[in-house]
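> Build me a model from this:
(3 chains)
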Amino acid sequence: MARAKTFITQEYSLTQNPFPPTAIVVWGSSDDRENGSLFCEEVSPEKLEEATHKFIVNPVDSGSKFHFLWSLGEGEEARGFGKTATLHHLARRVNADLGHRILTGHEFPEEEAAATPILAAMGTFNRQDVTTLAAVSLEQVRYLAQTDPATGQTTLGLLRQRILENLREAGDLPKKPGRAGSADEVDAIVGRIREADLSIGGKTLGSPDQKFVRHFAGGTATEVLAYLRGASTKGGFELLSTLLVISRAAGIKRTFLLIDQVEDFASSAVPRRRREMEVERFRDLAIETQPFGEMASYVLTMHPAAARTIEEFWSLARLPKIDHLSRQNERVTVVLKAIDKLDEAERLLGSYMVRYRVKGVTVERLHPFDKGTLQVLVDRNSGRPGHMLKMAHDLIEEGARRQWKVIGSKETIDFIGRSLEEIDAALRTRKRSGIGAIE
Amino acid sequence: MEQQRTDTIPKLDNITYLFDTLGGVRDGLTFDEIRTMLISGRLAADREKLLDYSPGMTALRRLDGKEDRTTYWSNARDALRELMRLGMVERAALPSTPLQVKVHRGRQYALTPQGSEFLDLATKDPWEFRDRFYQAMAASHPYLRLVRGRLMQGDLFFARVRKADLPGNVEDWESNPPQPLDDLAKKLAQEVESVLGILIEPAKLLGKLRLHLGAAWKRRRKPSLAPRDYSKWAVKTVNDVTVRVLAGSYGVPFDYVTLRMSLSILDQFHVAWQTRSLTDRVGWTAWSAADGESPDVPIEDTSPAAWALRGSVWLRRRRPADEEVRDTLIQVFFNDRERKSQFELIHVLRAIVCHRLKIHGWVFNEVLRKMHAGTLRHEEFAINLDRGSGWELPPSEEPFRVGDRAFYIMTLLRRE
Amino acid sequence: MGRRKQLYTTLLGLTHNPFPDHAIAAGGDRWPFDSDLHVGMPDRFARIFLGPRVDPTRKLTFFWSLGDGEEARGYGKTAYLLWFTQAICQDLGREMLRRCGGDPSRDCILAAYSSFNAVEGLSLSNVLYDAALDLLGARHSIIEALRGDKLARGATAYELLDKASAISWAANFDTNSRLLSELACRGPSSAALYLRSLSQWHRVRWGSSVLGTTVAFLKAIGVTRMVLVIDQIEDFANWLTPSYKLQRDLPRLANICMQDRLLADCLQIVVTIHPRAQRVLDHYSWNNLGLGDLTHDPRSERCIVLVGLTPDQFVRLTMRYLDSARAAGTQGGFSPFDRQTLDLVCTLQRGRPGPGLQVLHRLVEEAIDAGLAEITLNWARQFLG
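All right, here's what the predicted structure looks like:
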């Protein structure tokens, strides 16, 4: 039997399976299918614009702190809508130039955009080791220490450059850059960070983490990353606080802290006590502790099950309502929708396939899929992009294994292996009638 | 007392299963669709109550993500069977084991004229619907009539047995029930006398305790449990047997499960109420919350549903004036000298007020909601509710809710 | 749609949205505040939380907020306490003493604000540590002035060090020698830097030592009384806190108030209290600690109960916020709102300023999105539901 990869190349004109094996974005991965670099803005441009406007642009002017990115549905039905990919894409866009292009693209004059640099950091809950707010905070710091494959830079590196530029402009360093990482540079950066720290009033978590500051000032990305990778989650808050102080030293006006997979934290498998405690901590950190109170805005992913399990503690902590239906929350809420048009599905899959198309070959854009396949992919996955991509991956693998020259709707249904009626019936569970209800 | 017939109280967590199933039959749902409807209803109810995975097994834990195609089959079967027994659904075959479920999956059922009439009534007047539904169940279940009849004579009280009340230690209980039980029997008799004023001979209690505990220990399959879990099982078993033995003394000779199901049904129809939160005793208390008895006995060849639809509603749920409930609440709040804190647990206040007035907890909740909304005012005091202290709510109690918010403690503020 | 920042001005006559996005005040906030919003409140603060002299029967006093209906948060307790702390520190307590019949020439008073905080760990030691940091950080200029005055009158730094040491020894108290050196020889800012450099390990253990050392030094430079404001006790006194912490720290609090030879004669503590905290404290036998009842009776001289605002008070508060953001040449008053809108918000929030201001924030944002120049009742009703 031919090697699958050979078959994929020869018959499908693809250098490899273009789709991610899981529906999960892995930032920092060298695999472009997984690290978010293939995010296609054209799939749902209006949703992306809505998210950019509500989560990034508006808060710069209004100072709003809490924002929510929703997908609807129960249990597994609420996953795979692209929340992670969307947040990750927003973060990369912001960090690429500290928000300059986003802001100038939303009516900020050049000068003002240049004077209003912003930053975004993402942290993701999971069910293994990132189960507390401190752990997510550490993830957010690590996020900025990862190299962006598109630019080859880290965001921390950008911040360091900015501090150096400011120092040179202020005359605290010679205008002509000396040896990178020289003692003068390091001391000047450390000094600037100390000044930024001292300028913070109110309750803080204490002085910045000096080792982190020194590694950062030294400018070697691998050393910074190594230090952060070795850090304990217990130190997560202090490290994130240090990051904010560093950002302040770089003139950052607002830092967006994106928190993904809140449903893993808000699962009813997490003891109630822990949920209550972590929500209280979140409130104390986000509002009552500086510089978080002044500098940070938050975007949290949310879906109905997650909202239910933390709503009680959230409102007890006097945090703003999470409710996606409330008009009062419209300004800070984006609800991702399923793909329901074939051209959206085509753009989604096409953005991955074009990246891995064998050069010099002329085939249909979605070959080996056809439009019938697209329809089945949309229907069977309720239009959820993550699941569609995963199923597309599995179809390519199956197609190579079974030597399908084309993967049409027939092959797809055959692969799925269940009748349409069964699936539809399972989706049609009746809700309670309310007969005899008195409350 | 009428001659006791045997009976099977339906083992349904919630009477809404009956109502929803009736509606499902009307709408032509199949057995399987009724089953999944009950599951989704249970999950929704558990979510509303913010029930957690621990303690205990909730439907959420059992069912969430683990659905297979026989989950909850017995609830669907029991609901249909009960409706058929009541004469609201035409009789038809039902599965008796999980293996038979697949044969019945696609089966549909038919309403009787009385079933349709009940559904019409539900849309017009849910209270009358519920009252007549209860009347139908009472006509059909002599056990329910027996328990209710006993409650109308006076409260039922079942003292709670704690681990410290049991002789010996966990290792001793491995092979045999705790012994000797003489002190326990005496203690139970004393508590019943102190709370209800009823005299029970300890020796009689002792005999029954020994008998039923011996049987329970014999029946026990012996999995290897950690001592802590074994201890919990032992204490629970003693409590279940205590309930059975005391119930027998009260003239209600049921096992724990049957008694619990009966009281649960009476509670859900607001015919009786029950609590474990009264502060002058440790244990489970139930009382009648409704007056009225059936003016005649059910006729043999008339279905319970048809019989219940005849004539006027004879069940009268107690509903004192809102002001009386309000004033009792205020009195109870200030008079309890045991209480030190100025914020009191709502569920405790509710238990005391409802016990004093012999009403259902629902009535208290309604009055408290009106006080909270400001539509029922007291000249001297306003209330302040707080959502803290949820940790102090025992699993046997429902939180007090206003909309989707649960409140657990309250105080009274003197108006300026 | 135009740039948001410009729309605040062009549509609503404001430079920015003056209202907070959330209902929670915190130290370091710079929101407008009006201490006279509740009539007579400054006098009541002075009388009940300070008093003309240290009263042994009122070492610990309570600040409640309770309203008709529900909730005990969002009434503005933290804002009031931050104001109270600042009001005392800015003139060494003179104005507050005057208000309650005390003798400003006899006493020199400082205050510190501290709060239980779930991020760092909940313990009395953390709170006391933060109180010392608040004094030496946020209030450093007044302490520096007192120290400077002593030095100007001929005392040396070492003499101040010796005097503070003597005060500690007399009270059988072990000072933190590094902290005391910093205070005496370099001043409060340097001392604050030192404290900030220490880790959580120190904060959990050194709280009373750090505060005690600070108080010893303050006594040496002429401070005679201290008010410690402790906020958010409900974060500590709740059912999630391990019982050993409550069993350990509540008696320690009592000791600081009543028996500690360094602190008990000069320290008064104001605690914000909350319904669920009361139940927990009762459970841990609060009444046996000798610190008095956890009463919320407004007639008591040991507590102040903050109630909701009347509609007029809410309007007045709103106007303070609006005035802080008026664009030049624009209309004042409560524009862009109409009166009925403000009354509605006040009623819906039962007079609680925190949530009320939060709603106003959203109304402003929604008005911008809708391109409105006025926020009227009819429109607000649709938005508020």
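> what about residue A:208, distance to residue A:240?
11 Å (Cβ to Cβ, to the nearest Å). The way it works is simple: take the backbone N, C-alpha and C, and place the C-beta from them, glycine included.
> Please apply the same query to residue C:348.
36 Å.
> and if you look at residue C:95?
When Cβ to Cβ is the yardstick, residue C:95 and residue A:240 sit 41 Å from each other.
> Please parse the chain into its domains.
With no chain named, the answer covers chain A. In the assignment given by automatic domain parsing, the structural domains of chain A cover A:4-23+A:363-427, A:45-335.
> I was thinking of chain B, sorry if that wasn't clear
Using automatic domain parsing, the domains assigned to chain B come out as B:16-124, B:152-267, B:318-414.
> From start to finish, how long is the longest one in a straight line?
Going back to what we said before, that points to domain B:152-267. Taking Cα to Cα, to the nearest Å, the first and last residues of domain B:152-267 lie 14 Å apart.
> right, is that domain up against chain A?
No - in terms of Cβ under 8 Å from any Cβ of the partner chain, no part of domain B:152-267 sits within range of chain A; the closest distance is 13.5 Å.
> and stretch C:110-119, what's its mean pLDDT?
Mean pLDDT, taken over the full extent of stretch C:110-119, equals 93.
> CA atoms only: put it into PDB for me.
What follows is stretch C:110-119, C-alpha atoms only, in PDB (Å, rounded to 0.1, in the frame of the first residue of the first chain):
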ATOM      1  CA  LEU C 110      -2.500  59.100  61.400                       C
ATOM      2  CA  ALA C 111      -4.600  56.500  59.600                       C
ATOM      3  CA  ALA C 112      -3.900  53.500  57.300                       C
ATOM      4  CA  TYR C 113      -6.100  51.700  54.900                       C
ATOM      5  CA  SER C 114      -5.800  48.000  54.300                       C
ATOM      6  CA  SER C 115      -7.900  45.300  52.900                       C
ATOM      7  CA  PHE C 116      -8.100  41.500  52.900                       C
ATOM      8  CA  ASN C 117      -7.200  40.300  49.400                       C
ATOM      9  CA  ALA C 118      -7.700  36.900  48.100                       C
ATOM     10  CA  VAL C 119      -4.800  37.200  45.600                       C
END
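> Of the domains of chain A, which is nearest residue B:391?
Comparing those by their distance to residue B:391 (Cβ to Cβ), the top pick is domain A:45-335, with 8.3 Å.
> how long is the closest one end to end?
14 Å.
> go on, stretch C:44-54?
With Cα to Cα as the measure, stretch C:44-54 spans 16 Å from end to end.
> Show me which of residue C:95 and residue A:240 is the more surrounded one.
With other Cβ atoms under 10 Å in any protein chain shown as the criterion, residue C:95 and residue A:240 differ in neighbour count, and residue A:240 comes out ahead with 27 against 14.
> from what I can see the more buried one touches residue A:143, true?
No - under the criterion of Cβ atoms under 8 Å, residue A:240 makes no contact with residue A:143, lying 10.6 Å away.
> so which helix or strand takes in the residue positioned nearest the centre of chain A?
Taking Cα atoms, centre = their mean as the criterion, residue A:88 is the residue nearest the geometric centre of chain A, at 2.8 Å. Here residue A:88 sits within helix A:83-96, counting by DSSP states H and E.
> Check residue A:306 too.
Per DSSP H and E: residue A:306 is located in helix A:304-316.
> Relative to the whole chain's centre, how far out is that helix?
With Cα atoms, centre = their mean, to the nearest Å as the basis, helix A:304-316 stands 22 Å off its chain's centre.
> hmm, who's touching that helix?
Applying Cβ atoms under 8 Å, 6 or more residues apart in numbering or on different chains, the contact partners of helix A:304-316 are A:72-75, A:78, A:262-263, A:265-268, A:270, A:275-276, A:279-280, A:321-324, B:47, B:50, B:387-388, B:390, B:404-406.
> could you list every residue that touches the residue in chain C positioned nearest to chain B?
Checking chain C residue by residue against chain B with Cβ to the nearest Cβ singles out residue C:276 as nearest, at 2.8 Å. Neighbouring residues of residue C:276 by Cβ under 8 Å, 6+ apart: B:343, B:386, B:388-389, B:409, C:234, C:237-239.
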